[in-house]
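J.: Have a look at this fold, sequence not included:
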Ligand code: DGT
Ligand code: CA
Ligand code: ZN
């Protein structure tokens, strides 16, 4: 059956295409379908099981969207999308990712200069051809060139934000896993290692009927173009130009295949060298004896690591940066699992202007996930539109009292997400701040200050006894906005010294603290982290899992994550700084 995620993806593609067709992100139709995407994503039932009339009764879904959903579920594609794909091919859609390029400009570039791809745009810039075009100021050309460089949007260097790749990969994995002939499916490559950007998606399938698998794969509606089709490997492009490679292997070789295609290349090279040193040969089919070719291990990754006398190395750590030596010496860090997390300390509800689920629903979802404690952290009053006044906080606290009675097994803290202003000060006043159980303080403005200014600002905020944690440290939005400049070492040391936890924000668009900075934080005595979802909707508690992957990639030890602690010990951490 067509899943809600699949339907949402199809509608999102329609939205992206309509932005170009209508020439505006604000066009009525665009907004209507956008609302429908959100509605389908958060629908508690299967949209595919609803009639057009029933769909229309769902808030956010109108008559024409209901018809499109039925069309997609019944026929596997939407005629309007097929037609728009021809007008705006994948390469042209890529232009829309460049900050500063709106739909009108993209269409104008095509009409005036014949530019329909990032490559051609780069050439046009090199030829100085953008000067004087309507709506493009003198500096635009240079700004666009910088944006293309920064996002790596061209050619083989093009990298896609993990959020986009994960969404697409999950759809393919779910579809293939549902086939009778398939015993295992795993997305591999940089996505499994949880890099924040992905060049292409590598999927490995265990099956004795490769033909079936390939046919099902290329018939998926997200496939816009098949670029390579063989017996055991098929490569396709999605409508946004993301490449997916699917490889089918024998079930007995599945472990060796996912090990090889997960990589990284450097990790593979080092593993292969270690094999050779032991008189063995490692390739994508298995680990075998050099003499005679007897297979030593191939079915699971764990059996291969074991045969090489290594502890199992989790995918997130396989970057060839010392993990093999550590595994050989039984010195791998004691990493965290999602099941270790007992609390979520960054949660919004519709009390915040940007929250999308009610407080009752958020609390119910947290309890449903088995969390032992949560902090409700609506935005502080200084954040325009989204923030809460003191009166609103008092009113919300009365709701929290009621909810505590309804959920006796869940400890509900009254918190806040404070805004760190330009100089490191936060919302409210010291007396009022003391009334919160927990505050996370984040940067939401002034992203362009110098490194020294940003670092000072964070240090000042950490000196505030009410600030228990710093939220999404760099403020980056993967693929869209770079993080602030900061002296990471100074920030880590100050966090340890002041007893301020650093949040690892699990939003796939953020993953912040970034894993490369987490690697730099290794060995700093007393530095603590808190893995948080920053949920604005009940579905986002799933961000805990992404936060854990990011922490593992940064070699973060379980013992340094405070929301693994039982509640009383967690509270000790908070109070140590306050007293
Ligand atoms: P990316 O660039 O985000 O797609 O990153 P990966 O790591 O997914 O790289 P990709 O897709 O080129 O290859 C997938 C895996 O296949 C890679 O992580 C390791 C393996 N692999 C690819 N090329 C080589 C190679 O030349 N030697 C070895 N030993 N392994 C390779
Ligand atoms: Ca890849
Ligand atoms: Zn937040």
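T.: Arrived safely, thanks for sending. Source: prediction; values computed, not measured. Ligands and ions are numbered 1, 2, ... in the order given.

J.: Quick check: the residue of the chain nearest ligand 2.
T.: Nearest to ligand 2, among the residues of the chain, is residue 189, at 3.2 Å (C-beta to the ion). Where C-beta positions appear, they are placed from N, C-alpha and C, glycine not excepted.

J.: which residues are there in this protein that come within reach of ligand 3?
T.: Listed as neighbours of ligand 3 in the chain under the rule C-beta under 5 Å from the ion: 417, 534.

J.: if we can go back for a sec, roughly how far apart are the closest residue to the residue of the chain closest to ligand 2 other than its chain neighbours and residue 261?
T.: Spatial nearest neighbour of residue 189, excluding adjacent residues (C-beta to C-beta, 6 or more residues apart in numbering): residue 202 at 3.6 Å. Residue 202 sits 5 Å away from residue 261, going by C-beta to C-beta, to the nearest Å.

J.: any residues in contact with both of these two?
T.: 188, 189, 247 (C-beta atoms under 8 Å, 6 or more residues apart in numbering).

J.: quick check, nearest of the residues you listed to residue 287?
T.: Of all those, residue 287 sits closest to residue 188, with 17.3 Å by C-beta to C-beta.

J.: List the contacts of the closest one.
T.: Residues in contact with residue 188 (C-beta under 8 Å, 6+ apart) are 202, 203, 204, 258, 261, 262, 263.

J.: Weed out the non-buried ones from those.
T.: Of the members of those, the ones counted as buried by neighbours, 16 or more other C-beta atoms under 10 Å, are 202, 203, 204, 258, 261, 262, 263.

J.: tell me the contacts of the last one?
T.: For residue 263, the contacting residues are 188, 189, 190, 193, 318, by C-beta under 8 Å, 6+ apart.

J.: Out of those residues, list just those in helices.
T.: 189, 190, 193 (DSSP state H).

J.: Which residue comes closest to the second one once chain neighbours are left out?
T.: When you say that, I think you mean residue 190. Distances taken as C-beta to C-beta, 6+ apart put residue 198 closest to residue 190, at 5.1 Å, once the chain neighbours are dropped.

J.: Could you tell me how far that neighbour is located from residue 15?
T.: Per C-beta to C-beta, residue 198 is found 22 Å from residue 15.

J.: before we move on, what about residue 301?
T.: Applying C-beta to C-beta, the value for residue 301 to residue 15 is 39 Å.

J.: tell me the centre residue of the chain?
T.: Nearest to the geometric centre of the chain sits residue 508, at 1.7 Å (C-alpha atoms, centre = their mean).

J.: So that residue: helix, strand or coil?
T.: Here residue 508 is recorded as coil under DSSP: H, G, I helix; E, B strand; the rest coil.

J.: just checking, it touches residue 170?
T.: No. At 11.3 Å, residue 508 and residue 170 do not qualify as touching, with contact defined as C-beta atoms under 8 Å.

J.: distance between stretch 233-241 and the chain's centre?
T.: Remark: stretch 233-241 is offset 20 Å from the chain centroid, using C-alpha atoms, centre = their mean, to the nearest Å.

J.: What score does the closest residue in space to residue 219 that isn't next to it in sequence have for pLDDT?
T.: The shortest distance from residue 219 to any non-neighbouring residue, by C-beta to C-beta, 6+ apart, is to residue 76 (7.5 Å). Model confidence at residue 76, given as pLDDT, is 89.

J.: cool, the one 3 residues further on as well?
T.: The pLDDT attached to residue 79 in the predicted structure is 94.

J.: which residues in the stretch 101-250 of the chain form helices?
T.: 103-113, 118-126, 140-151, 162-177, 189-193, 210-218 (DSSP state H, counting those that start in this stretch).

J.: want to try a markdown table for those, with mean neighbour count, mean pLDDT and distance to ligand 1 as columns?
T.: Below are those laid out as a markdown table (neighbours: other C-beta atoms under 10 Å; pLDDT from 0 to 100; distance: least, C-beta to the nearest ligand atom, whole Å):
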| stretch | mean neighbour count | mean pLDDT | distance to ligand 1 |
| --- | --- | --- | --- |
| helix 103-113 | 17 | 92 | 26 |
| helix 118-126 | 17 | 89 | 17 |
| helix 140-151 | 16 | 80 | 14 |
| helix 162-177 | 19 | 96 | 8 |
| helix 189-193 | 23 | 98 | 3 |
| helix 210-218 | 18 | 95 | 17 |
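
J.: Just put those helices in a markdown table and tack on distance to residue 82.
T.: Converted to a markdown table, the helices of the stretch 101-250 of the chain look like this (distance: least, C-beta to C-beta, whole Å):
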| stretch | distance to residue 82 |
| --- | --- |
| helix 103-113 | 20 |
| helix 118-126 | 24 |
| helix 140-151 | 28 |
| helix 162-177 | 18 |
| helix 189-193 | 28 |
| helix 210-218 | 16 |
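
J.: Return the distance of the nearest residue to residue 466 once chain neighbours are set aside relative to residue 517.
T.: Distances taken as C-beta to C-beta, 6+ apart put residue 433 closest to residue 466, at 3.7 Å, once the chain neighbours are dropped. Noted for residue 433: a distance of 28 Å to residue 517, by C-beta to C-beta.

J.: which stretches of this protein have low pLDDT?
T.: Where the chain drops to pLDDT under 70, the residues are 151-157.

J.: Residues of it that sit close to ligand 1?
T.: By the rule C-beta under 6 Å from any ligand atom, the part of the chain lying against ligand 1 is 189-190, 195, 198-200, 202, 260-261, 263-265, 268-269.

J.: Try it again at 5 Å.
T.: 189, 190, 198, 199, 200, 202, 261, 263, 264, 265, 268 (C-beta under 5 Å from any ligand atom).

J.: how is the chain carved up into domains?
T.: As assigned by automatic domain parsing, the chain contains the domains 4-84, 91-157, 160-249, 255-328, 338-578.
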